[in-house]
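J.: Based on what follows, work out the 3D shape:
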Amino acid sequence: MPLVTRVTDLIGRTPLFELARTDTGTRLLLKLEQFNPTGAAKIRMARAMVDDAERRGLLPDGGHIIESTSGNTGLGLAVVAAERGYRFTAVVDHHACKDKLRAMRAMGAELVFVADEGDDNLATSAREDLAEAMAAGLPDAYFTEQHNNDANAVGYYPVAEELLADVPRVDILLSAVGTGGSLFGTATRLRQLGCTPHVIGVEPVGSIAFGGPGGPYWQSGTGTPPGATIGTAVDYSLLDEGVKVSDVAAFATARAVAAKLGLMIGGSAGGSVHAGLTRLAEFPPGSTVVTIVCDGGEKYLDTVFDDDWMKERDLLDTAAEREVLELLDRYAPAHRTDQLVNAR
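T.: As a prediction, the model looks like this:
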């Protein structure tokens, strides 16, 4: 890593981690985006959206960025705003992880809540409406509107380039769909580079992007809750399959991966990894399956990794965790098994 002078110079070049491998040579690889600044993938698209706004003259010097966020986009925008001298207001709800809110505030962001303290329901639609109204009333403000901003997906083009620098091809790209930018931006660029993966989107049970009844869910920063509009970054023309994973299964997976391997991943990433592990044997022999792990689990110590929080919401399921642990054992790569034997 060369000497850098800006935090955003540290974005990208995140590692690939081999989580699982079948006897037929199919591998599940995790693109560990928690190695970006802010510990999340979304700083990629935060920078891209600001770059785009500057090119189009939408942000004056010292202007005001406004965004509705559940946390990670806001963290990325807070970094970019601090570097470039913009004011940043994050419109948030109490569904967001407390550590994300604290970190945004620490980096100079102003937080505007759409719900009262103690109301931890997801309020995506209310957040977006307020952010749009606030930006419309201020002459120097720009609402980045991540769900409908073309620069969102473009921000993830380097993910595809990094993947193909590390592996010959990506056969299956399987990841969570929130705004849709990370999955579909990566898929778009892979196609441009001559690689056409089978694209599987993952959303929480209760999300409406792939149809079915809507309802509440606890996975943060992913899915489209009832009442919210599906953004333009969700490109159905690139989607081969859309699957749903429950909060219980997603969180059990995140907890099992942490306990087994010492790798902390977020709750929505747990949903993607669960989908990958449970279907790994179905994929063609020798497939390279990639999941974009959008953030790490350290931000969720008060939620996903807190037994009391999980029990209060009827999300703790030790049997589900054991099932994931069994899959991790079944598909453990040979080198990991050898290391364990040698260590003993």
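
J.: May I see the buried residues of stretch 97-113?
T.: For stretch 97-113, a neighbour-count test (16 or more other CB atoms under 10 Å) marks Cys97, Asp99, Lys100, Leu101, Ala103, Met104, Met107, Ala109, Leu111, Phe113 as buried. The C-beta positions use only the backbone N, C-alpha and C, and glycine is treated the same way.

J.: farthest-separated two in those residues?
T.: Between all members of the buried residues of stretch 97-113, the longest pairwise span (CB to CB) is found for Met107 and Phe113 and amounts to 17.6 Å.

J.: measure Ala40 to Leu164 for me?
T.: As defined by CB to CB, to the nearest Å, Ala40 lies at a distance of 22 Å from Leu164.

J.: Name the residue in those two with the higher neighbour count.
T.: For Ala40 versus Leu164, the count of surrounding residues by other CB atoms under 10 Å is larger for Ala40: 25 against 16.

J.: mind checking pLDDT for that one?
T.: The per-residue pLDDT reported for Ala40 equals 97.

J.: give me the beta-bridge partners of it?
T.: With beta bridges defined as DSSP bridges, Ala40 has these partners: Asp295.

J.: Report how many residues lie close to His147.
T.: If you count neighbours by other CB under 10 Å, His147 ends up with 22.

J.: Contacts only, for it.
T.: Contact criterion CB atoms under 8 Å, 6 or more residues apart in numbering gives Glu128, Thr179, Gly180, Thr229, Ile230, Gly231, Thr232, Ala233 as the residues in contact with His147.

J.: Scan the residues you listed and report the most crowded one.
T.: Gly180 (28 neighbours).

J.: Asn149 is in contact with that residue, correct?
T.: No: distance between Gly180 and Asn149: 11.1 Å, which falls outside the contact criterion (CB atoms under 8 Å).

J.: Need the residues touching each of those two.
T.: Common neighbours of Gly180 and Asn149 (CB under 8 Å, 6+ apart) are Ala233.

J.: In stretch 37-48, which residues are buried?
T.: For stretch 37-48, the neighbour count (16+ other CB under 10 Å) marks Pro37, Thr38, Gly39, Ala40, Ala41, Lys42, Ile43, Arg44, Met45, Ala46, Arg47, Ala48 as buried.

J.: And the second one, how close does it get to Thr89?
T.: Separation of Thr38 from Thr89 (CB to CB) stands at 17 Å.

J.: One more: the fifth one?
T.: As for Ala41, its distance to Thr89 is 22 Å (criterion: CB to CB).

J.: Run through the residues that contact the nearest residue to Phe210 once chain neighbours are set aside.
T.: By the measure of CB to CB, 6 or more residues apart in numbering, the closest residue to Phe210 outside its immediate chain neighbours is Gly242, 3.3 Å from it. Going by CB under 8 Å, 6+ apart, Gly242 touches Val177, Ile200, Gly201, Val202, Glu203, Ala209, Phe210, Gly211.

J.: secondary structure class for Gly242?
T.: Gly242 carries the three-state label strand when classified by DSSP: H, G, I helix; E, B strand; the rest coil.

J.: got TSV for the buried residues of stretch 97-113, with distance to Gly194 too?
T.: As requested, the buried residues of stretch 97-113 are exported to TSV (distance: CB to CB, whole Å):
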residue	distance to Gly194
Cys97	39
Asp99	40
Lys100	37
Leu101	42
Ala103	39
Met104	39
Met107	39
Ala109	40
Leu111	44
Phe113	46
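
J.: Need the nearest residue in space to the residue minimising distance to the centre of the chain, chain neighbours excluded.
T.: Against the mean C-alpha coordinate of the chain, by CA atoms, centre = their mean, the closest residue is Cys294 at 3.2 Å. Spatial nearest neighbour of Cys294, excluding adjacent residues (CB to CB, 6+ apart): Ala41 at 4.4 Å.

J.: The helix or strand containing Ala90 packs against which elements?
T.: Secondary structure here is read from DSSP states H and E; on that basis Ala90 sits in strand 87-92. If you count contacts as 3 or more CB pairs under 8 Å, 6 or more residues apart in numbering; DSSP states H and E, strand 87-92 packs onto strand 64-68, helix 72-84, helix 98-106, strand 110-113, helix 124-136.
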